[in-house]
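Visitor: only geometry, no sequence info:
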């Protein structure tokens with residue numbers, strides 16, 4: 001397998017599939033004290049087209065606000081984004097024998113999708129009860145482990 005060359009990777013499409021914020025809390029400074037922390041769940045789905053040299057990364061983030069006693073607070077969100085990447089040297093990074101992309105390419109694409117998602121969600125929650133929601137910095141390979149069948 002060849003080395004990842006960032007300049008040969010581009011995002012050719014980005015779709016906001018879902019952006020839902022559910023809360024009965026007013027967006028006020030007083031209510032921000034109710035939210036102590038947020039629990040996150042992530043879902044990752046991938047697909048690829050060998051002929052077109054495309055990889056789709058579908059990333060869903062579910063956020064559930066909690067109080068200091070770890071009880072649910074009436075503020076949660078669900079966000080789903082679909083990224084389509086074109087990889088110019090896809091043939092060099094695809095293992096035909098195992099019908100999978102390389103782990104390195106998977107981590108690279110998840111890293112790009114996740115970091116982009118952090119910014120998109122931050123913009124979406126502005127002015128809502130979840131206005132201070134910032135996705136945590138994570139190890140992108142942890143997200144890949146949820147979908148190991150597509151990587152080596």
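Guide: Here it is on my side, so go on. Since the model is a prediction, treat every value here as computed from it, not as a measurement. Residues are numbered from 1 along each chain as shown.

Visitor: which ones are touching residue 65?
Guide: Residues in contact with residue 65 (CB atoms under 8 Å, 6 or more residues apart in numbering) are 23, 34, 35, 37, 38, 72, 73, 74, 75, 76, 129, 130. In this view, the C-beta of every residue, glycine as well, is placed from N, C-alpha and C.

Visitor: What count of nearby residues applies to residue 5?
Guide: The local packing of residue 5 (other CB atoms under 10 Å) involves 12 other residues.

Visitor: Once you drop chain neighbours, what's closest to it?
Guide: Nearest non-adjacent residue to residue 5, counting by CB to CB, 6 or more residues apart in numbering: residue 89, 6.5 Å away.

Visitor: Just the closest of the contacts of residue 65 to residue 105, please.
Guide: residue 38 (30.2 Å; CB to CB).

Visitor: Is residue 125 in contact with residue 20, as I believe?
Guide: No - judged on CB atoms under 8 Å, residue 125 makes no contact with residue 20 at a distance of 11.1 Å.

Visitor: which neighbours do those two share?
Guide: Contacts common to residue 125 and residue 20, judged by CB under 8 Å, 6+ apart, are residue 77.

Visitor: higher neighbour count, the two?
Guide: For residue 125 versus residue 20, the count of surrounding residues by other CB under 10 Å is larger for residue 125: 21 against 11.

Visitor: Where in this structure is the helix or strand with the lowest mean pLDDT?
Guide: helix 29-32 (a mean of 52; mean pLDDT, DSSP states H and E).

Visitor: re earlier: right, and the residue nearest to residue 5 touches residue 2 too?
Guide: Yes - in this structure, residue 89 is within contact of residue 2 by CB under 8 Å, at 6.5 Å.

Visitor: would you list the contacts of residue 65 in TSV and tack on neighbour count?
Guide: As requested, these are exported to TSV (neighbours: other CB atoms under 10 Å):
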residue	neighbour count
23	17
34	15
35	21
37	12
38	19
72	11
73	19
74	13
75	25
76	19
129	25
130	26
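
Visitor: Which of those residues fall within strands?
Guide: Among these, DSSP state E puts 23, 37, 38, 72, 73, 74, 75, 76 in strands.
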